[in-house]
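Engineer: quick check, what structure comes out for this input:
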Amino acid sequence: MIASIIQRGVSRGFVNGERRCSMLKYRSFSSHGDPFGIDSKKGQVTDRQKNLMARGLPKRSKIPNVENVIVVASGKGGVGKSTTSVNLALALSEVDRTAAVGLLDMDVFGPSIPRMMNLSGAPELDKDDNMIPLSNYGIKCMSMGFLVEEKAAVVWRGPMVMSAVQRLLLRTAWGKLKYLVLDMPPGTGDTQLSISQLISVTGAVIVSTPQDIALLDARRGAEMFRKVEIPVLGLVQNMSVFCCPKCGHEEHIFGKDGAAEMAQELDVEVLGDIPLNLQIRLGADKGQPVVISQPTSHQAQSYLHIAEKIKEKIDILRRAT
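Structural biologist: Numbers count the residues shown, from 1 in each chain. Below you'll find the predicted structure:
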């Protein structure tokens, strides 16, 4: 039903009450390789270029009642970003017991949050036609996966995708949240740019494995957020080491300390390492994240340690503004 609302919004030429022409203006503005006129070699943004960036783009909106928005991103798929997002959201609720936490799945084509959070069913609408999040483990969740069948393919062109993104971002009735974690799709395309331009984001967490190829794409993700003036809170090195459960031997399957080297080059912090561990994978597949199912385990403690660092960095940013 809600997907049909999105479709009607596009076919009538409106997106969330705004004429489609403004969205088309944005798409044409951002369709070529360097829409902001930034010298990619220097990575510097002049005042003139900032004006070009702002021209024709929507003003960033604050999501009602949401204090902090944290985007969890990667330049490449398959590095464990969604698993990290889920466990970080749960870890934030543990390290800040008074905080309400939400989790928003921004991957329109491959939503993972419903399975990982053991949630299903279509969200209800409130009196203002806003979607009411589903909840589990004390975390409010919203995902495209609640609006389509689990095995159904979403085959949409750009306008439909952008309409869905805007509705998920701006038409969800979160209530009062201290932290909203956004599980971003991989890459640095239209969806990522739309999110960074539509809403006020507190900071970005970049997830990567230590593998050189994954790190190249993670670097692109970090640079994208810097270009749109979103602070990079730090890097999470996922699948950092495999420890044999029988003999205890450690093997760095994807390489060692790759994220640390890149973090030094980018002048950001490595927030922590997450091991390549069977229980993390099983917990995600069963809808029982390891932070909940095995809270005293080494892997759960790794997520809690990262959440503590994220909380500290956000507190510092808030004091500075």
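Engineer: now the strands for the stretch 201-321 of the chain?
Structural biologist: Assigned by DSSP state E, counting those that start in this stretch, the strands in the stretch 201-321 of the chain fall at 203-208, 232-237, 242-243, 250-251, 270-273.
Engineer: ok now the fourth one, how far from the chain's centre?
Structural biologist: What separates the centre of strand 250-251 from the centre of its chain is 30 Å, taken as Cα atoms, centre = their mean, to the nearest Å.
Engineer: same for that strand, what does it pack against?
Structural biologist: Packing contacts for strand 250-251, counted by 3 or more Cβ pairs under 8 Å, 6 or more residues apart in numbering; DSSP states H and E, involve strand 242-243. C-beta here means a position set from N, CA and C on the backbone, and glycine is covered the same way.
Engineer: how far away from the center of its chain is the strand it packs on?
Structural biologist: Worked out by Cα atoms, centre = their mean, strand 242-243 lies 27 Å from the chain centre.
Engineer: average pLDDT across that strand?
Structural biologist: For strand 242-243, the mean per-residue pLDDT is 81.
Engineer: adding mean neighbour count and distance to residue 298, write the strands of the stretch 201-321 of the chain out as TSV.
Structural biologist: TSV is the format used below for those (neighbours: other Cβ atoms under 10 Å; distance: least, Cβ to Cβ, whole Å):
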stretch	mean neighbour count	distance to residue 298
strand 203-208	28	19
strand 232-237	26	15
strand 242-243	14	9
strand 250-251	12	12
strand 270-273	21	11
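Engineer: residue 154: which of those is closest?
Structural biologist: Closest to residue 154 of the strands of the stretch 201-321 of the chain is strand 203-208 (Cβ to Cβ; 22.9 Å).
Engineer: residue 187 reaches residue 75, doesn't it?
Structural biologist: Yes - counting by Cβ atoms under 8 Å, residue 187 touches residue 75, with 6.5 Å between them.
Engineer: of the two, which one has the most company?
Structural biologist: Between residue 187 and residue 75, counted using other Cβ atoms under 10 Å, the more crowded position is residue 75 (25 against 17).
Engineer: circling back: TSV for the strands of the stretch 201-321 of the chain, including distance to residue 214?
Structural biologist: Output for these, formatted as TSV (distance: least, Cβ to Cβ, whole Å):
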stretch	distance to residue 214
strand 203-208	5
strand 232-237	10
strand 242-243	16
strand 250-251	17
strand 270-273	14
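Engineer: select, out of the ones you listed, the one closest to residue 100.
Structural biologist: strand 203-208 (18.4 Å).
Engineer: which residues touch the closest one?
Structural biologist: 70-76, 79-81, 84, 88, 214-215, 217-218, 221-222, 225, 230-238, 258-259, 262, 271, 310, 313-314, 317 (Cβ atoms under 8 Å, 6 or more residues apart in numbering).
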